[in-house]
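S.K.: sharing a model prediction with you, sequence too.
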Amino acid sequence: MDTAVRIASRFPEMGTTIFTVMSRLAAECGAVNLSQGFPDFQAEPALFDAMHRHMLAGRNQYAPMAGLPELRQAIVDKVADLYGPRFDVESEVTVTAGATQAIFTAIAAFVRPGDEVIVFEPVYDSYVPAIETVGGRAVFAQLRFPDYAPDWAQVASLISPRTRMIIVNSPHNPTGSLLSAIDLEKLAKLVRGTDIVILSDEVYEHTVFDGVPHASLCGHAELAARSLVVSSFGKTYHITGWKIGYVVGPAALMAEFRKVHQFNVFTVHAPSQLAIADYMQSPERHQSLAGFYQEKRDFFRSLMAATPFELLPCRGTYFQLARYAGLSDLPDTAFAEWLTRDVGVAVIPVSVFYANGQDDRVVRFCFAKREETLRAATERLSKAFVKSG
Ligand code: PMP
Ligand code: GLN
């Protein structure tokens, strides 16, 4: 249909998220889709049974704005158990429509036009558009290739009187790197005495490998006092399509967060909240996630060893980065498209997570997949690239 209005786009430069682009291309080409991050296996029936039960019991009307008390209590208990602090159920936890909404809402609640927000590149793709939508300016710190460690001296040099927020993400998407307790100490030192709010994206909090504990900002008393910490049940319980997550933080920050949340989302799908609250009563479900995905990581890496891709370390998340510099001269976006169309394996090019398109010839594989899917993908890769030597 033709439109009757002339549109001066508010976002003339904004394209379509890479996750949509690559999943669509994968479907078009019949490629094995290791691009967008989602499991290709089912969650446990117990979760679906619980949802059904709550729907039949009539729990189908609006939940309270901040989330149902059953779920808020379960979140507070989990956070206390894992990281120490006990957030107040009434005033310090809010259930959100996934982590993306929590992140957008937190940015909208704190960032004024002209404010600066420090983010780390490669940067998860929703942060910068959210910052710019509310009139803020993203300031880019670098995670240094190839180990993707933060450079705190650089961060110090980027802090200005306009810095309103710093966004951290550990375990880190797309790189699989982690912040350590020492990193948190350095961050705490940098922001001490300032009014900088920290937004900590910890959606992969339960997917940290090799026995390393997750360094949550919840567990660092000084940082927790100025942080909103976000997580996502999509990642934890294999239900990315449910779009449900949460944010915890000090009451004063949460009050500001809720000012935006109440008029943006108001409240989240009630039966899912109840089902997840029931499901959370068995902590081994989140406690076993790291082991579950570590097996998948190791399985995928062992299969990839038969290809000439150079695997980078993967310390958390369900993403594996690989260099292909020895295989092709194509830029990573062209390489990812070629791999999808001609080899039949869809991946994410990492340059899209850099404002300047920095291209280290690295692509991201998602290994949250059944063994047969990972096998099918690596068989195609092995056929396409015969390993020499
Ligand atoms: N942050 C990161 C780092 C992610 O990887 C994702 C999704 N994969 C999100 C946020 C968004 O999570 P949700 O699907 O709950 O919105
Ligand atoms: N976070 C997921 C990923 O990194 C995708 C989420 C999305 O499609 N927006 O692949």
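M.R.: Good, I have the coordinates. Ligands and ions are numbered 1, 2, ... in the order given.

S.K.: any idea which helix or strand comes after the helix or strand hosting Ala153?
M.R.: Using DSSP states H and E, Ala153 sits in helix 152-158. Reading on from helix 152-158 to the C-terminus, the next helix or strand found by DSSP H and E is strand 163-169.

S.K.: the helix or strand harbouring Phe120 vs strand 163-169, what angle?
M.R.: Using DSSP H and E, Phe120 sits in strand 116-121. Orientation check (axes from the mean of the first three to the mean of the last three C-alpha atoms, to 10 degrees): strand 116-121 against strand 163-169 gives 20 degrees.

S.K.: so where do the strands sit in the stretch 1-150 of the chain?
M.R.: With DSSP state E, counting those that start in this stretch, the ranges of strands along the stretch 1-150 of the chain come out as 32-33, 93-96, 116-121, 137-144, 149-150.

S.K.: looking at these, which is nearest to ligand 1?
M.R.: strand 93-96 (8.0 Å; C-beta to the nearest ligand atom). C-beta here means a position set from N, CA and C on the backbone, and glycine is covered the same way.

S.K.: return the residues of the stretch 1-150 of the chain in contact with ligand 1.
M.R.: Contact residues, the stretch 1-150 of the chain versus ligand 1 (C-beta under 6 Å from any ligand atom): Gly37, Gly98, Ala99, Thr100, Tyr124.

S.K.: let's have these in a markdown table, adding pLDDT.
M.R.: A markdown table is the format used below for these (pLDDT from 0 to 100):
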| residue | pLDDT |
| --- | --- |
| Gly37 | 97 |
| Gly98 | 98 |
| Ala99 | 98 |
| Thr100 | 98 |
| Tyr124 | 98 |
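
S.K.: which one of those is nearest Gly249?
M.R.: Ala99 (14.0 Å; C-beta to C-beta).

S.K.: which residues does the closest one contact?
M.R.: The contact partners of Ala99, taken as C-beta atoms under 8 Å, 6 or more residues apart in numbering, are Asp201, Val203, Val230, Ser231, Ser232, Gly234, Gly245.

S.K.: picking that back up, which of the residues of the stretch 1-150 of the chain next to ligand 1 come close to ligand 2?
M.R.: Near ligand 2, by the rule C-beta under 6 Å from any ligand atom, you find Gly37 out of these.

S.K.: weed out the non-buried ones from the residues of the stretch 1-150 of the chain next to ligand 1.
M.R.: Gly37, Gly98, Ala99, Thr100, Tyr124 (16 or more other C-beta atoms under 10 Å).

S.K.: residues in contact with the first one?
M.R.: Spelled out, that is Gly37. By C-beta under 8 Å, 6+ apart, Gly37 lies in contact with Phe19, Asn173, Thr240, Tyr318, Phe319, Cys366, Ala368.

S.K.: now do the residue lying closest to the first one once chain neighbours are set aside against Thr207, distance only.
M.R.: Excluding its sequence neighbours, the residue lying closest to Phe19 (C-beta to C-beta, 6 or more residues apart in numbering) is Gln36, at 4.2 Å. Computed with C-beta to C-beta, to the nearest Å, the distance linking Gln36 and Thr207 is 16 Å.

S.K.: which one of these two has more residues nearby?
M.R.: Of the pair Gln36 and Thr207, Thr207 is the one with more neighbours under other C-beta atoms under 10 Å, namely 25 against 18.

S.K.: thought that one was touching His172?
M.R.: No: judged on C-beta atoms under 8 Å, Thr207 makes no contact with His172 at a distance of 11.2 Å.

S.K.: shared neighbours of the two, which are they?
M.R.: Gly316, Thr317.

S.K.: tell me the pLDDT at the residue in the stretch 51-200 of the chain positioned nearest to ligand 2?
M.R.: The minimum distance from the stretch 51-200 of the chain to ligand 2, using C-beta to the nearest ligand atom, falls at Asn173 (5.1 Å). Looking at Asn173, its pLDDT is 98.

S.K.: nearest residue to the spatially most central residue of the chain in space, ignoring adjacent ones along the chain?
M.R.: Geometric centre of the chain, nearest residue: Val203, 5.1 Å, by C-alpha atoms, centre = their mean. In this structure, Val203 finds its nearest non-sequential neighbour in Ser232, 4.1 Å apart by C-beta to C-beta, 6+ apart.

S.K.: okay, now that neighbour: neighbour count?
M.R.: Neighbours around Ser232, by other C-beta under 10 Å: 25.

S.K.: dump the residue contacts of it.
M.R.: By C-beta under 8 Å, 6+ apart, the residues touching Ser232 are Gly98, Ala99, Val203, Thr240, Ile244, Gly245.

S.K.: of those, closest to Tyr83?
M.R.: Closest to Tyr83, out of all of those and judged by C-beta to C-beta, is Val203, at 15.2 Å.

S.K.: for the residue of the stretch 101-250 of the chain found nearest ligand 1, report the pLDDT, please.
M.R.: Going by C-beta to the nearest ligand atom, ligand 1 is nearest to Ser232 of the stretch 101-250 of the chain, at 3.3 Å. Here, the pLDDT recorded for Ser232 equals 98.

S.K.: the one 5 residues further on now?
M.R.: pLDDT for Tyr237: 98.

S.K.: ok, for it, nearest residue in space, not its chain neighbours?
M.R.: The spatially closest residue to Tyr237, leaving aside those adjacent along the chain, is Ala43, at 5.5 Å (C-beta to C-beta, 6+ apart).

S.K.: check that neighbour and give its pLDDT.
M.R.: 97.

S.K.: contacts only, for it.
M.R.: Taking C-beta under 8 Å, 6+ apart, one finds Tyr237, His238, Ile239 in contact with Ala43.

S.K.: from what I see, the second one and Gln42 are in contact.
M.R.: When you say that, I think you mean His238. Yes: contact status for His238 versus Gln42: in contact at 7.1 Å, counting by C-beta under 8 Å.
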